[in-house]
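>>> With the sequence up front, the predicted model follows.
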Amino acid sequence: MGPSYSPLGWSLPLGSPPGYASVAIPSLPPAVFPSPVAPSAPFGSPLAGVTSAVAPTLGVAGGRLARVVAQLPPSLPVPAPEQDRIYQEGLATAERMLLGALAPSTVRRQDGAAREFLSWLDRCGRGRSWANCTPDDILVFMVAHWLPNHCSRGGGPAGPAAVKSCLSALSGFFGRAGRGGRYDAATGLGNPCDSVWVEDFRTAYQRTRVAAGYTELSAVPLRYDKYRSLVLYLWRQVEAAPNSLERVVLLRDLLCVLLLWQTSVRGHDVGKLGLGDFVDPARPDLPYDGFPLPPPWSWGAAVGPTLCFRERGTKTYKLARAPPVWLLPNAIEPAFCVPRTLAFYQWCCGRPDSPPGGAITDLLFRPLTEDQRGFKPSALQSATLAARIRKHLVDAGLYENETVHSFRRGALQAAAAAGGSTSALLDFAQLRSTVTLARYLDRSRHEPDERNVRPRL
């Protein structure tokens with residue numbers, strides 16, 4: 001029998017640890033390009049005639065352009081078919097890069113909203129298309145189609161946040177489909193969602209719903225005792241797991257639970273945490289070189305390593321790495337120790353009997369494939385994590401309408417109750433606004449006065 005590990009003293013029959021061992025992008029459809037400009041001479045520049053033609057028209061700017069063009073070296077003209085090939089390959093590469101500017105969930109949300117609108121426009125738009133639709137079309141779509149076909153999770157009318165999300169997704173799609181900028185009624189150009197009439201519609205709908213009793217609630221804060229009970233329950237499930245796939249999935253969920261509470265990081269950001277986010281605890285500007293972690297039973301009397309991560313692209317820090325988050329070892333209560341649990345999780349993912357896609361190359365937490373036999377090479381979505389946590393809370397007899405965001409609210413309220421200062425709490429939550437922090441700390445914000453409410457995921 002190989003080594004076994006359980007922070008609660010159970011024996012997990014595991015074999016000997018092994019060593020740690022592209023998505024094709026479809027090509028764009030052919031585009032039509034204008035014929036290349038013919039050169040004035042076999043080895044001349046196609047722009048050679050610009051000097052005298054442009055400079056008088058553009059003044060100073062034209063003079064600068066003329067000087068640059070005059071200094072162009074002689075070059076052979078590229079045949080038209082080769083130009084087309086270069087452009088097609090360049091567009092395909094650029095598209096891959098541009099899609100990377102948005103989260104995959106945002107792309108799906110924008111494309112879904114656009115499909116629904118364009119389908120309606122094709123049926124009811126009186127001959128209009130995406131190229132010439134107006135704010136009037138957006139407003140009619142919302143009141144005649146979208147609102148009657150979308151409701152809140154409680155079955156009532158859609159909330160103001162849902163309306164805002166739909167219009168925001170549509171606006172983002174139009175802006176990236178060639179209709180950017182403020183809508184101009186005189187010319188019909190610009191983004192039809194970016195108009196004063198659509199903005200007034202959003203405001204009017206919000207006021208109407210609030211007048212009808214709508215209240216947007218915060219997530220129910222998770223209590224500290226419930227967090228501890230959930231962690232111990234998950235460890236028992238890990239010990240009883242019938243196979244390697246179930247064990248890895250349970251460890252994935254357990255590690256997410258530990259991170260959600262101990263770091264107060266949002267569920268979306270936990271789900272996309274990767275090895276590349278970890279940095280040297282002593283020098284957070286340098287990458288961490290300690291992976292894979294040795295299995296925890298090999299640590300002996302050592303307390304274990306301190307880990308640190310600086311996540312790439314969070315809600316608060318979109319264009320830079322977030323501030324460092326330290327994960328301290330816990331030798332007194334190993335069941336609650338993130339470094340130990342991560343080491344065990346890494347080891348299980350790298351075993352020979354690990355499910356397909358189980359080995360960790362960067363992303364720590366991946367969703368299951370459609371056949372439930374392995375892991376996809378993508379980040380764990382917040383909705384998937386929420387469903388898993390809800391299942392565990394229900395199975396453990398602990399569920400009281402908590403969501404993924406309940407960990408963040410609960411952890412912050414527990415830290416405040418323990419005497420944490422405002423500055424320390426802002427750092428812990430990686431927040432910049434004391435107003436936002438006050439909402440997290442409001443212990444009654446999740447309690448509804450009316451039934452027409454929208455809880456936070």
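Great, that's in hand. Keep in mind that this is a model prediction, so the values were computed, not measured. Residues are numbered from 1 along each chain as shown.
>>> hey, let's count contacts and neighbours off CA atoms from now on
Will do.
>>> in the stretch 151-300 of the chain, what spans have low per-residue confidence?
215-218 (pLDDT under 70).
>>> domains for the chain, by residue range?
50-99, 104-212, 224-453 (automatic domain parsing).
>>> show me where the stretch 101-250 of the chain has strands.
Applying DSSP state E, counting those that start in this stretch to the stretch 101-250 of the chain gives strands spanning 215-216.
>>> Could you pull out the helices in it for me?
Ranges of helices within the stretch 101-250 of the chain are 104-124, 135-141, 147-149, 160-176, 196-211, 224-240, 244-263, based on DSSP state H, counting those that start in this stretch.
>>> among these, which is the most enclosed?
helix 244-263 (a mean of 22; mean count of other Cα atoms under 10 Å).
>>> list the helices and strands that one packs on?
If contacts are counted by 3 or more Cα pairs under 8 Å, 6 or more residues apart in numbering; DSSP states H and E, helix 244-263 sits against helix 224-240, helix 267-271, helix 338-349, helix 382-395, helix 404-417.
>>> ok, back up a step: to Val270, which of the helices of the stretch 101-250 of the chain lies closest?
With Cα to Cα as the measure, helix 244-263 is the member of the helices of the stretch 101-250 of the chain nearest Val270 (6.7 Å).
>>> starting at the chain centroid, how far to that closest one?
In terms of Cα atoms, centre = their mean, to the nearest Å, the centre of helix 244-263 is set 19 Å apart from its chain centre.
>>> how big is the angle separating it from helix 404-417?
Relative orientation of helix 244-263 and helix 404-417, computed by axes from the mean of the first three to the mean of the last three Cα atoms, to 10 degrees: 40 degrees.
>>> Taking helix 224-240 as reference, get the angle to helix 244-263.
Using the same axes, to 10 degrees: helix 244-263 against helix 224-240 is 160 degrees.
>>> Mind listing residues that contact helix 244-263?
Here helix 244-263 makes contact (Cα atoms under 8 Å, 6 or more residues apart in numbering) with 227, 231, 234-235, 237-239, 241, 265-267, 270-271, 325, 336, 338, 341-342, 345, 348-349, 353-355, 365, 373-374, 385, 388-389, 407-408, 410-411, 428-429.
>>> Please save the CA atoms from that helix in PDB.
The C-alpha trace of helix 244-263 is given here as PDB (Å, rounded to 0.1, in the frame of the first residue of the first chain):
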ATOM      1  CA  SER A 244      -9.900   9.100  -8.300                       C
ATOM      2  CA  LEU A 245     -12.300  11.300 -10.400                       C
ATOM      3  CA  GLU A 246     -14.600  11.900  -7.400                       C
ATOM      4  CA  ARG A 247     -11.700  12.500  -5.100                       C
ATOM      5  CA  VAL A 248     -10.200  15.200  -7.400                       C
ATOM      6  CA  VAL A 249     -13.500  16.900  -7.900                       C
ATOM      7  CA  LEU A 250     -14.200  17.000  -4.100                       C
ATOM      8  CA  LEU A 251     -10.700  18.300  -3.500                       C
ATOM      9  CA  ARG A 252     -11.200  21.000  -6.100                       C
ATOM     10  CA  ASP A 253     -14.400  22.100  -4.400                       C
ATOM     11  CA  LEU A 254     -12.800  21.900  -0.900                       C
ATOM     12  CA  LEU A 255      -9.800  24.000  -2.000                       C
ATOM     13  CA  CYS A 256     -12.200  26.600  -3.500                       C
ATOM     14  CA  VAL A 257     -14.100  26.800  -0.300                       C
ATOM     15  CA  LEU A 258     -10.900  27.400   1.700                       C
ATOM     16  CA  LEU A 259      -9.800  30.100  -0.700                       C
ATOM     17  CA  LEU A 260     -13.100  31.800  -0.800                       C
ATOM     18  CA  TRP A 261     -13.200  32.300   3.000                       C
ATOM     19  CA  GLN A 262      -9.500  32.800   3.800                       C
ATOM     20  CA  THR A 263      -8.900  35.300   1.000                       C
END
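>>> Turn the helices and strands packed on helix 244-263 into a markdown table, including distance to Lys318.
Formatted as a markdown table, the helices and strands packed on helix 244-263 follow (distance: least, Cα to Cα, whole Å):
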| stretch | distance to Lys318 |
| --- | --- |
| helix 224-240 | 29 |
| helix 267-271 | 11 |
| helix 338-349 | 26 |
| helix 382-395 | 18 |
| helix 404-417 | 19 |
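>>> closest one to Asp442 among those helices?
For the helices and strands packed on helix 244-263, proximity to Asp442 was assessed by Cα to Cα; helix 404-417 is nearest, at 8.3 Å.
>>> follow-up on the earlier one: could you say which one of the helices and strands packed on helix 244-263 comes nearest to Ala359?
Going by Cα to Cα, the one of the helices and strands packed on helix 244-263 nearest Ala359 is helix 338-349, 5.0 Å.
>>> What's the mean pLDDT across that closest one?
The pLDDT scores in helix 338-349 average 96.
>>> helices or strands next to it in the packing?
Identification of packing neighbours for helix 338-349 by 3+ Cα pairs under 8 Å, 6+ apart yields helix 244-263.
>>> what angle do the helix it packs on and helix 382-395 make?
Using the same axes, to 10 degrees, one finds that helix 244-263 and helix 382-395 are set 100 degrees apart in direction.
>>> tilt between helix 244-263 and helix 338-349?
160 degrees.
>>> Relative to Ala177, how far out is the nearest residue to Phe201 once chain neighbours are set aside?
Once flanking residues are discounted, Phe201 sits nearest to Leu139: 7.6 Å by Cα to Cα, 6 or more residues apart in numbering. Between Leu139 and Ala177 the computed distance is 20 Å (Cα to Cα, to the nearest Å).
>>> what does Cys348 give?
Distance from Cys348 to Ala177, by Cα to Cα: 45 Å.
>>> Look at these two and report which has more neighbours.
Taking neighbours as other Cα atoms under 10 Å, Cys348 and Ala177 compare with Cys348 leading, 25 against 12.
>>> For Thr134, give me its contacts.
Shown in contact with Thr134 (Cα under 8 Å, 6+ apart): 188, 192.
>>> From Pro305, how far off is it?
The value you get for Thr134 to Pro305, if Cα to Cα is used, is 59 Å.
>>> Check whether Asn132 really touches Ala185, as I assumed.
No - under the criterion of Cα atoms under 8 Å, Asn132 is not in contact with Ala185, lying 11.3 Å apart.
>>> Centroid-nearest residue for this structure?
The structure's the chain has its C-alpha centroid closest to Ala103; by Cα atoms, centre = their mean the separation is 4.9 Å.
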